[in-house]
Each structure stands twice: as structure tokens, then as C-alpha cells.
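[1] Sequence first, predicted model second:
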Amino acid sequence: MKREDIHRMIRVDQAGEFGATRIYEGQLAVMGDRGPHSQEIAHMAEQEKVHREKFDALMAKRGVRPTALQPFWSMAGYALGAGTALLGPEAAMACTAAVETEIDKHYSDQLDALEADNADPELAEMIEKFREEEREHHDAAIAHGAEKAPAYGLLSGAIRLGCRAAIKISERI
């Protein structure tokens with residue numbers, strides 16, 4: 001695997017973890033700390049913050065440039081979080097379930113590529129650990145009523161499509 005491919009992985013993963021922190025910040029800004037599921041969201045937000053910090057450190061260590069779209073992802077993530085929280089606690093959970101479904105697939109694809117040629121054991125170990133936590137977030141969101149959100153299928157599909165687009169764009173820009 002080429003160095004530029006590894007850098008692309010790190011860049012997009014850092015952007016995704018940054019976006020996740022902003023989604024949760026938006027949700028908590030609307031829901032506060034006493035809303036339904038606020039404690040669960042705060043816990044997930046803390047894990048995402050740790051993920052982002054680890055990718056920030058890896059970017060600095062390896063000289064990987066961040067995506068130029070970071071300011072846009074900041075606004076978009078916050079708006080998505082606040083918007084879904086405004087629709088209700090189940091919609092906030094639907095957002096998490098949708099995002100984590102795409103991140104699980106994304107991280108799994110990256111692990112397959114890294115493990116195929118033992119390209120970067122340090123990165124593979126990070127991604128595997130974070131993927132497991134993202135799966136826990138997905139399962140928690142489902143357990144907290146994600147599928148009860150108004151127009152769940154439509155909401156989930158739109159968010160998943162947006163995630164796939166954000167991944168592709170952040171890999172290149």
C-alpha cells in the first residue's frame with residue numbers, strides 16, 4: 001500500500017471523528033444534559049473525542065494534511081446533530097445509528113485493505129479498536145429507540161448517503 005493511500009485513510013478518518021464530535025455537540029446543545037439519552041450521547045461524544053485526538057496526533061506524527069473541508073464539516077456536523085435532536089430523542093439516535101452503520105463499513109473496508117498486505121499495523125490496530133466502539137454506539141442507538149424516529153427509513157437513508165459522500169470527498173480534498 002502506498003504512503004499516499006495511508007495518508008488518505010488517516011485524513012478521512014480524522015475528518016470523520018471530528019464530524020462525529022460536532023454531531024454530538026449539536027445534539028447536546030439542543031437536548032441539554034437532562035434530556036432523554038443525554039448521558040448516552042455524552043458518553044459516545046467522549047469516545048469520539050478520544051478517537052479524534054488519536055487521529056490528530058497520528059496526523060502530526062506522520063505529517064498528514066487535514067482535509068481542506070474541515071470548516072464545512074464542522075458546520076454540517078453541528079447542524080446535523082442539532083437538527084436531528086430538534087426532531088426528538090429518537091431522531092438523534094437514528095442519526096447515530098445511520099452514521100455508525102456507514103463508519104462500520106468504512107472502517108471494515110480500510111482494515112481489509114491494511115491487513116491484505118500488513119501495510120500499517122499501528123493504524124490497523126487503531127481502526128479496529130475504534131470500529132468496535134462505533135459498533136457499540138450503533139447498538140446503543142438502536143436500543144434507545146432509533147428505529148422509532150419519525151420517517152426512520154428516509155432519515156437514516158439520507159444521513160447514510162451524506163456520510164458516504166463526506167467520506168469520498170474528504171479522501172481527496
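    Perfect, thanks for sending it.
[2] pLDDT on stretch 54-67, on average?
    For stretch 54-67, the mean pLDDT works out to 92.
[3] For it, buried residues please.
    Residues Lys54, Phe55, Leu58, Met59, Val64, Thr67 are the ones in stretch 54-67 that count as buried (16 or more other Cβ atoms under 10 Å). Glycine gets a C-beta too; all of them are placed from N, C-alpha and C.
[4] Filter those residues down to the ones in helices?
    Among those, the residues falling in helices (DSSP state H) are Lys54, Phe55, Leu58, Met59.
[5] of all those residues, which two lie farthest apart?
    Greatest spatial distance among these (Cβ to Cβ): Lys54 and Met59, at 9.8 Å.
[6] quick one: whichever strand or helix holds Glu128 to chain centroid distance?
    Glu128 belongs to helix 121-143 when assigned by DSSP states H and E. Here helix 121-143 shows a centroid-to-chain-centroid distance of 10 Å under the convention Cα atoms, centre = their mean, to the nearest Å.
[7] Give the buried residues for that helix.
    Result for helix 121-143 [16+ other Cβ under 10 Å]: buried residues 123-124, 126-127, 130-131, 134-135, 137-138, 140-142.
[8] packing partners for the very next helix or strand once past that helix?
    Using DSSP H and E, the next helix or strand after helix 121-143 towards the C-terminus is helix 152-172. Applying 3 or more Cβ pairs under 8 Å, 6 or more residues apart in numbering; DSSP states H and E, one finds that helix 152-172 contacts helix 3-31, helix 70-87, helix 89-116.
[9] chain center to the longest one: distance?
    The gap between the average C-alpha position of helix 3-31 and the chain average comes to 5 Å, counting by Cα atoms, centre = their mean.
[10] in that helix, what counts as buried?
    Using 16+ other Cβ under 10 Å as the test for burial, helix 3-31 gives 6-28, 30-31.
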